[in-house]
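Engineer: Show me the folded form of this:
(chains A, B, C, D, E, F, G and H, ligands or ions: 10)
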Amino acid sequence: MKKDKEKEQKQEEQNRILLQGNEACVRGALMAGCRFYAGYPITPATEITEVMARELPKVGGVFIQMEDEIASLGAVIGASLAGAKSMTATSGPGFSLMQEHIGYACMAEVPCVVVDVMRAGPSTGLPTQPSQGDVMQARWGTHGDHSIVVLSPSSVYEFFELTIQAFNLSERYRMPTILLADQIVAHMREGIVLPSKEDIEIEDRPQPTVPPEWHIPYGDPGTGVPPMPAFGEGYRYHVTGLHHDLRGYPTTRKEEVESLMRRLFSKISNDLERLQWFDSFYTEDAVITVIAYGCVARAGMQAVKEARAKGLKVGLLKLKVLWPFMRRTVTTILDSSQKVLVPEMNVGHISREVKRVNQGNCEILTLNKIDGTPITPAEILETLEEVYP
Amino acid sequence: MKKDKEKEQKQEEQNRILLQGNEACVRGALMAGCRFYAGYPITPATEITEVMARELPKVGGVFIQMEDEIASLGAVIGASLAGAKSMTATSGPGFSLMQEHIGYACMAEVPCVVVDVMRAGPSTGLPTQPSQGDVMQARWGTHGDHSIVVLSPSSVYEFFELTIQAFNLSERYRMPTILLADQIVAHMREGIVLPSKEDIEIEDRPQPTVPPEWHIPYGDPGTGVPPMPAFGEGYRYHVTGLHHDLRGYPTTRKEEVESLMRRLFSKISNDLERLQWFDSFYTEDAVITVIAYGCVARAGMQAVKEARAKGLKVGLLKLKVLWPFMRRTVTTILDSSQKVLVPEMNVGHISREVKRVNQGNCEILTLNKIDGTPITPAEILETLEEVYP
Amino acid sequence: MRETSHLVHKYLRPTMRFPHIWCPGCGIGIFMHALIRIIDRIGYSKDDVVLVSGIGCSGRLPVYVDFNTLHTTHGRALTFATGIKLAKPRLKVITIMGDGDGVSIGGNHLIHAARRNVEIASFIINNQVYGMTGGQCSPTTPYGARTTSSPYGNPEAAFDVSRLVEAAGATFVGRTTVYHTTLLDRLIEKALTKNGFAMVEVIAQCVTYAGRWLGLASPAEMMAWQRDNSVTVEKAKELNETELAGKTIIGVLADRERPTYNEECTKLRTQELKV
Amino acid sequence: MRETSHLVHKYLRPTMRFPHIWCPGCGIGIFMHALIRIIDRIGYSKDDVVLVSGIGCSGRLPVYVDFNTLHTTHGRALTFATGIKLAKPRLKVITIMGDGDGVSIGGNHLIHAARRNVEIASFIINNQVYGMTGGQCSPTTPYGARTTSSPYGNPEAAFDVSRLVEAAGATFVGRTTVYHTTLLDRLIEKALTKNGFAMVEVIAQCVTYAGRWLGLASPAEMMAWQRDNSVTVEKAKELNETELAGKTIIGVLADRERPTYNEECTKLRTQELKV
Amino acid sequence: MKNARSSARKNSRYEIRIAGSGGQGIVLAGIMLAEAAILDGRYVAQSENYGPEARGGNSISEVIVSDEEIDYPQAVELDVLVALTQEACVRNLPAMKEGGLVIVDSSLVRWVPWDKVARLPFQQIAANTGERRAINMAALGAVASLCSIVSSASLVKVMAKRLPASKVEANRLAFNEALQATDKLKDSLTSLKPKDQFEI
Amino acid sequence: MKNARSSARKNSRYEIRIAGSGGQGIVLAGIMLAEAAILDGRYVAQSENYGPEARGGNSISEVIVSDEEIDYPQAVELDVLVALTQEACVRNLPAMKEGGLVIVDSSLVRWVPWDKVARLPFQQIAANTGERRAINMAALGAVASLCSIVSSASLVKVMAKRLPASKVEANRLAFNEALQATDKLKDSLTSLKPKDQFEI
Amino acid sequence: MKRVDIYRGWCKRCGICIAFCPKHVLEADKDGFPTVKDLEQCSGCKLCEIRCPDFAIVVSKDEEG
Amino acid sequence: MKRVDIYRGWCKRCGICIAFCPKHVLEADKDGFPTVKDLEQCSGCKLCEIRCPDFAIVVSKDEEG
Ligand SMILES: Cc1ncc(C[n+]2csc(CCOP(=O)(O)OP(=O)(O)O)c2C)c(N)n1
Ligand SMILES: Cc1ncc(C[n+]2csc(CCOP(=O)(O)OP(=O)(O)O)c2C)c(N)n1
Ligand code: SF4
Ligand code: SF4
Ligand code: SF4
Ligand code: SF4
Ligand code: SF4
Ligand code: SF4
Ligand SMILES: [Mg+2]
Ligand SMILES: [Mg+2]
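Structural biologist: Ligands and ions are numbered 1, 2, ... in the order given. This next block holds a predicted model:
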């Protein structure tokens, strides 16, 4: 037995490879079945475009560099409608340009994955410096009301893993899924072991089970997510960014509009339980809990361990899903901790949400940095020591 | 005396003219000194573009229809740098496209006014139907952290008035100011009396008081707002969307970045007191207060009057500034009312903020409608009656 | 009542409301009829045809016809179409764009699609105005024309769309009016069967807004204008500059061959993969 | 040490760090030197010159020179420049764009600025690659070239930028390389003094990334390639197609007159205001 | 609910909607009504609605007139509906206040499932003036006669201002004709019983 | 503060930064170091930083090696700094851990205001192999000799994988030369007193 | 014998078919709808059908005729 | 007499000036910096100055010469 385990471990070690976060993202995408990528170079997401250019043709996929980011997401949505799992990657300025099409994909219910590797903003900002300044934009950047799923990795392996999950969720819900990485996670390299394809669960968009004449393109099969046949498979239907009826035809009828909006929101709001993705460390008896995500969660982890070593009862909640905000998970922490510290490389995005769901029982503290440098374990530790009751 | 007043009133009545909201916006802009407009047609903001095309040449200004919304805001920023008070107007899809340049104007500190006449979204949505779905986008739509001022009118006169104020604030703070109107306020006509130019206070961007050699383009004169000479007036300086030092030259130095960001935020955060713009009705003894803005505030007003007629102690707080969120004003209401009702033509944008600043003392209720139809007085009244303690 | 056009009934969606949304006499309907006619003549399976449009009056076309239809965002039809064609090369991808849609906000995608040579048959319904939003200037509105956004006359020169797209590298470029029915049919057929990016500029009347600067009231007058102000490429060669002034040259303006993007992709995947 | 170039010292910002940011031998610096030389020769007041750039290596140019300088967003320099020129017509507005900047993401603004004829002197530093982001394909990268985003060869054809801008209606179009110093000077001067929209395509070496597909290592080799692969418009007329294959035609490619947008604006304000 | 809606009305508040199809001058009629009410010293709020099918589709213009400032600027319950097409009539009846008045063109609208209806031949009146498009002004004539909210003097003033000089005369004629024709049956109207309808 | 930083270290955690200018192969050296550590069964996190002036400007590559999973993946306090230009040296000294080791090229870096410094002629060693660009591999030789975190066997393996076949030999040579040269003064190094510096 | 069918439900009375019939077969009725004035003259060229923006006119051989 | 000044602080040793001097006046020193090999030959054409991307070379008439 012991030998087996040793062997396994040895095996694992031999499979450990050094990958950059952006490369890991591409590996995840390919494993999830991504076969179309359209993109436009931008620091610090460019490697995703470059590695896709190299890898996609090898698996029979299509890579295209478009004229800009608007075109990139347009092409991605088109390819997805034709049946291909599709993705693009960018950073802040390009992400801003993609907002109209993100809303389109929400409305037309087209699965796709958009990676935003966050650099310091606003505007052109600091192209090579890390930030978490796009968290609210990922939720609210496009006009009009919609729901959206946003994931954020804190390590190279998580970037790989969450890319797969981003595809899965986008297929499951028929909506764009956004991956918010930060420049540190995107550019650093770590030794990781990629799982084999068999160990990974892949989801595909629901397919109609009835013949074309019976298929109602935007009907609710109960899950809120209508089956989605690809263009060219006999199910001819209409896709539009206008409010539409069950067949996809434009409507302004209040009842139809309302029922469409209700269904669109239901896809996520009915599934919140399944979207509580987090890691927690030492939270059971924590007096103060650090809530963090992305590279800041890594600093948080180290700070928490050191604080524990000093006898401080502190814990860490690492969020992997940023949107929908994990109210349930966070509420549990708010109930059990005296204080919560939310360190972020922005002026306080997730901390706003924590405050919103807080019922006043817990003290919410923030630690924000927007100078283009990462939050360090020392900074978090110092704050923890300062505010420790 | 009485006669004088009568005469005055008579005079006023004679000056009362029927104006569409969008027209009133143009009148306000011209009175505020707007001399450059670049835009691209889109329902329901098109009339602003059309009326500008007609009126600007008459006052020696320049109107240009650009190839798209990105170009429109680019031209507006350029014109502002050359010294002209400048503006553009659009609706959701165009507003999404403008996000990159909104961030640029924040970073480069270029005064300008962006009008977003909200229609129902997401995506192409319902082009002719009203909505308040872009409230969060106006705050968070561009990448990276920044602060911004967003105003929202509830009547034709307010659209006129707040357009003037939008120019004033954008000049005062050297940042883009956003006017969020809804389709109803933009398209309806009301009889209003325009004040004469002398009765209106106009603010202009601060000008340097020192000769060019001594001028420090991005230095803090104490107000957080550096003087802004126009291009071509002898003060040659560099403007960029990158983080920059006091001269405007790109920097990645942590200290310089931080001090720039601090100053940018300070412009608003130091002036919050002055940005509490609201009307309140019957709030002193209100058990329930309705907090509303835009056309919904009008429904709220009627509902509140009718409820009062029925003996219900309810009040209305009408917000004119949406961002920065009027925490102080709202907190006062949260302290004095048992319940607060926030009716919105979206899934709940401002109500999130109300919840965030609430210390748990007050019950926050929402009334949301996203079917493209306006919230009616009856709907608000009904809710008030239902939840009245 | 006896059935009317058997042909269109085969392609129109019975679930849609007719008559269609366009104003009486609008040229878009004439183009739509021709498109259906040619698709039928070529014999594509409905399942294999994808119709992609942007936003505008012309953008409302796809919803009426029983293909795979996609109504995208303003100006971006070609980007979606590119994704579709690359992801599923066997589909026949067609885009319908307005002059504002395809040449103002969407001008960049137009020239890049032409350069890239993705096999898309694209049609620009050039009514020289923004119809959908109420008659503003477009990049093809004639100089001096009064529109709702140029009340004192349009200060800008118009694009020669076909020339621009030709210069951008399109393998097929044609121009016609909806009056010229035979040419319309011929160009649609050539564009649909072209192995490469094809663009046809279809001059069509916006009776509601574009009639104004021509001083023309009725659809028939506008079509007569199309008839009287066009010369064929062939004829144009015989005319001098003064004779050509103010005339629109119609016909096949470019027709040439080079590998499509899909063909290049296949090459990448097969021959040249050994880096 | 004795002072070096008196001329540039008059225009460079002493507050900036030198040597500049560009790689050793990068062609952008050669263009910048020429631009300063010509501005000095024409004798503009520094206060009246506005230099507007987008994002890219070339976009870093304005910060070094003591004019009114504006570093905008990627691809949008011309939109800002349009606003400046219209709001203050007495300014001399100049844009500097890269080939990705000006022709990929910014291609639409380029053709519309040309059509609109706003009096802007625009320079596209065509190094046939995305320099700033690390050597990806641009719309002017030659077909088949291996770049960081086309590891198996570029599947797309390149734009003829000058031809495109000419077809879009620019009143002045010229092309040169940085090797051809006399022509470079002449075209810059013509563009700056043109009453209308002028575009000069400046072929410049990106030594770090674009040398690769030419198999050329050094800046000097790249400039020798510019020398050996260009023919002047005048000479080109004497050559047949085979002789011209692979050659870049340099010189004045278009030079014509029509009213500028500013002139049209004045007309609107004065003569034609009585609706 | 019904209760709430009804009570949501001020006494001086008066809501009128003109509905028809594109090209009938609906929007202009609403604007002119609003301007006339302003001349009469009243508060007004006017809005229109044309859905996505601007062209030839349904068109609505509504005017709220009041002696006090107007809180809610959209119609809640119509005091008066002027309908110039059959579809417009049927579509807008649900918005009527109980006891409200429906004014229709007698030849364009045949079926009016409402209690209190005034049928007038606007189309014909307009045609008689030689200006067929004056149908909207004819409708305003009936409004001026039947509704106290606006004076015909003010409406005539506004006409002179808003219409092209060459068309003013014919439009005023249509307006007056309709006004007089309606005046004639004013009395019969006030005594109308439910389900009564009258026509001239 | 200083306290907090120091305590923020695990025992097995080892931080090394290679700094120089663009073109010196800094990034590649970091990657190879990280890959070698992986072969040795360790956890690694590697990152690089080149500011906006990628071209010819300052370049940094840092590797964190540990026997446990690495929490914070950025350097906090350097155990080792390898500096290949004077500027890189001075700029990065503030990031050093007290008692840490600075390795520099003896001809490119003259002034090293630090206690514990190893000066080796990497440039020259590389030049001797005929492959002037092997300076980064020479530096890795010194690292292999002085730091326990990575085995030279693994480094050699990685070299064979990462470098173009034609260049492997020269690079390995440079690596070995530097390794041996450094080995020679290893002992003197451990006995260094503050302010002592040594050179070969 | 030709047949020219006009589908009034779809016809928007634009007048295009009438204006461009080379044989002047069509005319407007009092409501503006096209009607067949002179079927004899019809050449069956289908131009009216082809140019109708509303698919409201169909020219065919009368099967029964 | 001409002067050719090379400003080492700015020169990036790209070699352009050396490669294209028509008179072969310049050569690289051991560090790669251009130096004047043969001033006599210099025609004062300024091509080296004009083509230097870094403004690091200046050709002038030597005032004192
Ligand atoms: C981003 C964006 N900007 C503006 C609009 C508004 N809009 C809709 S259609 C249109 C122009 C229509 O003109 P054209 O493309 O020529 O089509 P037509 O209606 O003439 O067929 C515009 C500006 C929009 N929907 N989206
Ligand atoms: C919206 C946006 N997309 C992408 C980028 C990233 N980006 C910066 S420069 C550049 C391309 C540079 O190429 P080019 O314009 O040819 O200029 P060069 O560096 O070659 O001078 C790109 C894609 C950006 N800054 N903004
Ligand atoms: S507005 Fe013009 S383009 Fe649009 S449907 Fe009417 S006629 Fe056609
Ligand atoms: S990367 Fe290319 S374009 Fe950019 S500075 Fe270097 S040589 Fe010049
Ligand atoms: S088929 Fe030809 S001839 Fe006959 S009615 Fe039609 S257009 Fe006239
Ligand atoms: S062309 Fe068609 S729509 Fe027009 S009148 Fe004739 S049948 Fe009617
Ligand atoms: S001036 Fe001319 S000849 Fe003299 S060194 Fe320079 S390039 Fe050579
Ligand atoms: S051209 Fe300039 S930078 Fe290049 S070697 Fe000569 S002096 Fe130095
Ligand atoms: Mg059009
Ligand atoms: Mg370039």
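Engineer: packing partners for the helix or strand where E:L33 lies?
Structural biologist: Here E:L33 is covered by helix E:26-39, with elements defined by DSSP states H and E. Packing partners of helix E:26-39 (3 or more Cβ pairs under 8 Å, 6 or more residues apart in numbering or on different chains; DSSP states H and E): strand B:17-20, strand B:189-192, strand E:14-21, strand E:43-49, strand E:58-66, helix E:135-146, helix E:152-162. For the C-beta atoms, the positions are set from N, CA and C on the backbone; glycine is no exception.
Engineer: Describe which strands the third one pairs with in its sheet and in which direction.
Structural biologist: Each strand that strand E:14-21 pairs with, and the sense of that pairing, follows from DSSP bridges: strand E:58-66 (antiparallel), strand E:78-83 (parallel).
Engineer: Excluding residues flanking it in the chain, which one is nearest the closest residue to ligand 5 within the stretch 201-350 of chain A?
Structural biologist: Residue nearest to ligand 5 within the stretch 201-350 of chain A (Cβ to the nearest ligand atom): A:R236, separated by 31.9 Å. If the residues on either side of it in the chain are set aside, A:R236 comes closest to C:N68, at 5.3 Å by Cβ to Cβ, 6 or more residues apart in numbering or on different chains.
Engineer: How about the contacts made by that neighbour?
Structural biologist: Neighbour list for C:N68: A:F231, A:G232, A:R236, A:Y237, C:D47, C:V49, C:V50, C:L51, C:L91 [criterion: Cβ atoms under 8 Å, 6 or more residues apart in numbering or on different chains].
Engineer: Among these, which pair sits farthest apart?
Structural biologist: Farthest pair in the contacts of C:N68 (Cβ to Cβ) is A:Y237 and C:L91. Separation: 14.4 Å.
Engineer: In space, not sequence, find me the middle residue of chain E.
Structural biologist: Centroid-nearest residue in chain E, with Cα atoms, centre = their mean: E:V82, separated by 4.1 Å.
Engineer: ok, that residue to B:T128 distance?
Structural biologist: Using Cβ to Cβ, to the nearest Å, E:V82 is found at 22 Å from B:T128.
Engineer: same check, this time on C:L61
Structural biologist: Distance from C:L61 to B:T128, by Cβ to Cβ: 20 Å.
Engineer: More neighbours: which of these two?
Structural biologist: Neighbour count, other Cβ atoms under 10 Å in any protein chain shown: between C:L61 and B:T128, C:L61 has more, with 24 against 19.
Engineer: The more buried one contacts C:I30, correct?
Structural biologist: No: checked against Cβ atoms under 8 Å, the pair C:L61 and C:I30 is beyond contact range at 11.6 Å.
Engineer: Excluding chain neighbours, give the residue nearest to A:Y235 in space.
Structural biologist: Using Cβ to Cβ, 6+ apart, the nearest residue to A:Y235 is A:P229, at 3.6 Å.
Engineer: Touching, that neighbour and A:I216? I think so.
Structural biologist: No: the pair A:P229 and A:I216 fails to qualify as a contact (Cβ under 8 Å) at a distance of 11.7 Å.
Engineer: These two - which one has more neighbours?
Structural biologist: Higher neighbour count among A:P229 and A:I216: A:P229, with 21 against 16, using other Cβ under 10 Å.
Engineer: What confidence value was assigned to that one?
Structural biologist: On pLDDT, A:P229 comes in at 98.
Engineer: How about G:E63?
Structural biologist: Reported pLDDT for G:E63: 63.
Engineer: Packing partners of the helix or strand hosting A:Q137?
Structural biologist: Using DSSP H and E, A:Q137 sits in helix A:135-140. Under the contact criterion of 3+ Cβ pairs under 8 Å, 6+ apart, helix A:135-140 touches helix A:92-97, strand A:149-151, strand A:176-182, strand A:321-323, helix B:135-140.
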